[in-house]
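Engineer: Below are the sequence and a predicted model; questions follow.
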Amino acid sequence: MEFTIKQSILKEELGYIQGVVERKSTIPVLSNILIESLGEGSIRIFGTDLDVTIRSDAEADIKTPGSMCIQARKLFDIVRTLEGGDVHFKKEENEWVKMKAGRATFRLAGVNREQYPEIPIFKSAPLRLSSEILNYFIQNTAFAITNEQSRFTLSGAKFVLGNGVARMVTTDGHRLAFVERAVEGESDAAMDALIPKKALLELVKITRGFDGDIQFGEDQNHIYFEAEGRLLISRKLTGNFPNYEMVMPKDNEKTVEFDLIEMKNAVRRIALMADERNRSIRVTVREGEVEVTAQSSEEGEGREVVAAEYKGEEIQLGFNHQYLQEFLNNVGSSDMSASASGDSDGAAVDGASTAAAPARESRQPAKVIFEFKDANAATQMRIAGDSPYDYKYVVMPLRI
């Protein structure tokens, strides 16, 4: 195989694929990407960890058709240091690949095409949803997915589409994020699937800056997302997702409303004084204000007051400050980078993978509402005012 491609194009596509390539895998071939010729004017690049696969098409001048497998991270590291211009690839004997760009020449070790895993066959993608809606769904729910691999059915999001409504729900057993929106489309179009967390985060990366519709579909084992010549294939999670409707509070008659930015900054500061073991933070709600406090027997304590709209008796609510921060950092935004200031590894994305595309502007609401019954019941958090999204975040209480 021999071809020539623009450095800028190759850098962009390799950046998208890095997130799914295994760097330290028990299966060495998974640290490679597969490049195949596609006609005379383009190549097709694959990266996979067997659970999530990304396929990307890119313009290239094909001199000799064929395929090659190259170590993904090494190739990306080289390409992003190159100056603009053409990059020439030629496959030599014993799977070696010669790469030339300007006055620089590299010789890279490759592997045989037959060793590379079989890529799932792409079925049809008959369903459509705007990238803005999908990104909003993921941004506002992905951080609540559990990081415990043993809790298999909770390690992804429940995604439901049907009857003119799209919905995404996530939970880790201590909190739950729910978002729903009315959508236009075929009345008989339907899907109900559990999508792994990694697939959701990679989907955001490959659609960053894309404002059109994302096409998607499913078969028995996989779900497919396609946008701008890029295809993401993910295994679906199996099992039964918890009955989330039973968890959502029905009788939280007390409400407090406050400025999102003021509360976010206050929690960020006061959380620095929280006990590192239980991460507890106390929110005291009283008429006209919310007091945020935290203390550690070894390091001291912190206290800050935020103006709020509330009428009723004083009440103290206890939270894991991480659960509260992640909500305040992400709520109402469609930009995954907005979560970078939080301490969750779930929502922050890999910088190398996102460098290739412009960030979507983060738009967060001005006001947020907490709804609660008492200190022993779950608190429901939502955006104040009108929104096309029905978004709720439910957090179980933390005894202080």
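Structural biologist: That came through fine.

Engineer: Now do the end-to-end distance for stretch 156-169.
Structural biologist: End-to-end distance of stretch 156-169: 9 Å, with Cα to Cα, to the nearest Å as the criterion.

Engineer: swap that for stretch 385-393, sorry
Structural biologist: Stretch 385-393 has its terminal residues 16 Å apart, counting by Cα to Cα.

Engineer: roughly how far is it from the heart of the chain?
Structural biologist: Averaging C-alpha positions (Cα atoms, centre = their mean, to the nearest Å) puts stretch 385-393 20 Å from its chain's average.

Engineer: got it, and stretch 228-243?
Structural biologist: 13 Å.

Engineer: model confidence over it, on average?
Structural biologist: Stretch 228-243 carries an average pLDDT of 92.

Engineer: Equivalent analysis for stretch 274-284, please.
Structural biologist: 92.

Engineer: Show me what it is in contact with.
Structural biologist: With Cβ atoms under 8 Å, 6 or more residues apart in numbering as the test, stretch 274-284 has contacts from 267, 270-271, 290-297, 314-322, 324, 370, 398, 400. Where you see a C-beta, it was placed from the backbone N, CA and C, and this is true even at glycine.

Engineer: could you redo the last one with a cut-off of 6 Å?
Structural biologist: Under the criterion Cβ atoms under 6 Å, 6 or more residues apart in numbering, residues 271, 291-294, 296, 316-322, 398, 400 lie in contact with stretch 274-284.

Engineer: now, which of those sits nearest residue 161?
Structural biologist: Among the contacts of stretch 274-284, residue 322 lies closest to residue 161 (Cβ to Cβ), at 30.5 Å.

Engineer: Then the closest one would be within a helix, right?
Structural biologist: Yes - per DSSP: H, G, I helix; E, B strand; the rest coil, residue 322 lies within a helix segment.

Engineer: Which secondary structure state does the residue nearest in space to the middle of the chain sit in?
Structural biologist: By Cα atoms, centre = their mean, the chain has its centre lying nearest to residue 201, at 2.6 Å. Under three-state DSSP, residue 201 falls in the helix class.

Engineer: pLDDT score for residue 355?
Structural biologist: With respect to pLDDT, residue 355 has a value of 39.

Engineer: begin at 42 from here
Structural biologist: Okay, using 42 as the starting number, the last item reads as residue 396.

Engineer: so what's residue 408 closest to, chain neighbours aside?
Structural biologist: With sequence-adjacent residues excluded and distances taken as Cβ to Cβ, 6 or more residues apart in numbering, residue 408 is closest to residue 425, at 3.6 Å.

Engineer: doesn't residue 410 make contact with the one you found?
Structural biologist: Yes - the pair residue 425 / residue 410 is scored as a contact, 4.9 Å apart, by Cβ atoms under 6 Å.

Engineer: any shared contact partners between the two?
Structural biologist: Among the neighbours of residue 425, those also in contact with residue 410 (Cβ under 6 Å, 6+ apart) are residue 298.

Engineer: circling back: what count of nearby residues applies to the residue nearest to residue 408?
Structural biologist: By other Cβ atoms under 10 Å, 16 other residues sit near residue 425.

Engineer: Report the contact partners of it.
Structural biologist: Residue 425 is in contact with 298, 408, 410, counting by Cβ under 6 Å, 6+ apart.

Engineer: mind checking how far the residue nearest to the centre of the chain is from residue 293?
Structural biologist: To residue 293, residue 242 is 31 Å away according to Cβ to Cβ, to the nearest Å.

Engineer: now do residue 127
Structural biologist: Per Cβ to Cβ, residue 127 is found 62 Å from residue 293.

Engineer: Also residue 118?
Structural biologist: From residue 118 over to residue 293 (counting by Cβ to Cβ), the distance is 51 Å.

Engineer: neighbour-wise, which of those two wins?
Structural biologist: Ranked by neighbour count (other Cβ under 10 Å), residue 118 and residue 293 place residue 293 first, with 17 against 13.

Engineer: and that one, which of the three is it?
Structural biologist: Applying three-state DSSP: residue 293 is coil.

Engineer: Just give the closest residue to it, not the sequence neighbours.
Structural biologist: Nearest to residue 293 is residue 412, by Cβ to Cβ, 6+ apart, at 4.0 Å.

Engineer: helices and strands around the helix or strand where that neighbour lies, which ones?
Structural biologist: Secondary structure from DSSP states H and E places residue 412 in strand 408-413. Judged by 3 or more Cβ pairs under 6 Å, 6 or more residues apart in numbering; DSSP states H and E, strand 408-413 is in contact with strand 295-300, strand 420-424.

Engineer: Can you tell me the strand partners of that strand and which way each runs?
Structural biologist: strand 295-300 (antiparallel), strand 420-424 (antiparallel) (DSSP bridges).

Engineer: buried ones in it?
Structural biologist: By neighbour count on 16 or more other Cβ atoms under 10 Å, the buried set for strand 408-413 is 409, 410, 411, 412, 413.

Engineer: any chance of those residues in CSV, with pLDDT and distance to residue 350 too?
Structural biologist: Shown next, in CSV, are these (pLDDT from 0 to 100; distance: Cβ to Cβ, whole Å):
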residue, pLDDT, distance to residue 350
409, 96, 11
410, 97, 9
411, 97, 11
412, 97, 13
413, 96, 14
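
Engineer: still on that earlier bit, burial-wise, tell me which of the helices and strands packed on strand 408-413 comes out on top.
Structural biologist: strand 420-424 (a mean of 22; mean count of other Cβ atoms under 10 Å).

Engineer: So which elements touch the helix or strand just after it?
Structural biologist: Of the helices and strands lying after strand 420-424 in sequence (DSSP H and E), the nearest is strand 430-436. Helices and strands touching strand 430-436, as assessed by 3+ Cβ pairs under 6 Å, 6+ apart, comprise strand 216-223, strand 420-424.

Engineer: Could you work out the end-to-end span of stretch 97-109 for me?
Structural biologist: The stretch stretch 97-109 measures 15 Å between its terminal residues, going by Cα to Cα.

Engineer: er, stretch 313-329 I mean
Structural biologist: Stretch 313-329 stretches 25 Å from its first residue to its last (Cα to Cα).

Engineer: Can you report how many residues lie near residue 261?
Structural biologist: 6.
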